[in-house]
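1. sequence? don't have it. structure:
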């Protein structure tokens, strides 16, 4: 396997608590990439004074507001 199984569970921290809530990997897959794209867009906007052009391979619902989705290597192969 090259990735986490979609039925794996993540423990997501509850703000202000030592507890966490479990979430299936299927529901949060690419959420990290979305967070990175959002922050990059905010910082680039402040720095350049205009909306940046960002392209990401790791998108999540709502990503279109801050980044485009790149599908450029849909024919690549993993070499073991």
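-> That came through, no problem. In this text, all values refer to a predicted model and were calculated from it rather than measured experimentally. Numbers count the residues shown, from 1 in each chain.
2. Tell me which other helices or strands the longest helix seen in the chain touches.
-> Identified as the longest helix of the chain according to DSSP state H is helix 31-48. Counting contacts by 3 or more CB pairs under 8 Å, 6 or more residues apart in numbering; DSSP states H and E, helix 31-48 is packed against strand 55-56. All C-beta spots, glycine's among them, are computed from the backbone N, C-alpha and C.
3. For the chain, which segments count as strands?
-> Secondary structure of the chain (DSSP state E): strands at 9-13, 20-24, 55-56, 68-69.
4. pretty sure residue 10 is touching residue 25, no?
-> Yes. Shown here, residue 10 and residue 25 form a contact pair, counting by CB atoms under 8 Å, at 6.1 Å.
5. Relative to residue 62, how far out is the residue nearest to the spatial centre of the chain?
-> Centroid check for the chain by CA atoms, centre = their mean gives residue 33 as the closest residue, at 2.2 Å. Remark: distance between residue 33 and residue 62 (CB to CB, to the nearest Å) = 12 Å.
6. and if you look at residue 9?
-> Separation of residue 9 from residue 62 (CB to CB): 23 Å.
7. swap in residue 46?
-> To residue 62, residue 46 is 20 Å away according to CB to CB.
8. now do residue 24
-> In this view, residue 24 and residue 62 are 19 Å apart by CB to CB.
9. which one of the two has more residues nearby?
-> Neighbour comparison, residue 24 and residue 62: the larger count goes to residue 24, with 13 against 9 (by other CB atoms under 10 Å).
10. Am I right that the more buried one is in contact with residue 5?
-> No. Judged on CB under 8 Å, residue 24 makes no contact with residue 5 at a distance of 9.8 Å.
11. ok, residue 53 - contacts?
-> residue 68 (CB atoms under 8 Å, 6 or more residues apart in numbering).
12. For it, report the pLDDT, please.
-> The model reports residue 53 with a pLDDT of 94.
13. what's the most buried one of the strands of the chain?
-> Among the strands of the chain, the stretch with the highest mean neighbour count (mean count of other CB atoms under 10 Å) is strand 55-56, at a mean of 16.
14. which residues touch residue 58?
-> With contact taken as CB under 8 Å, 6+ apart, residue 58 is in contact with 30, 32, 33, 34, 36, 37.
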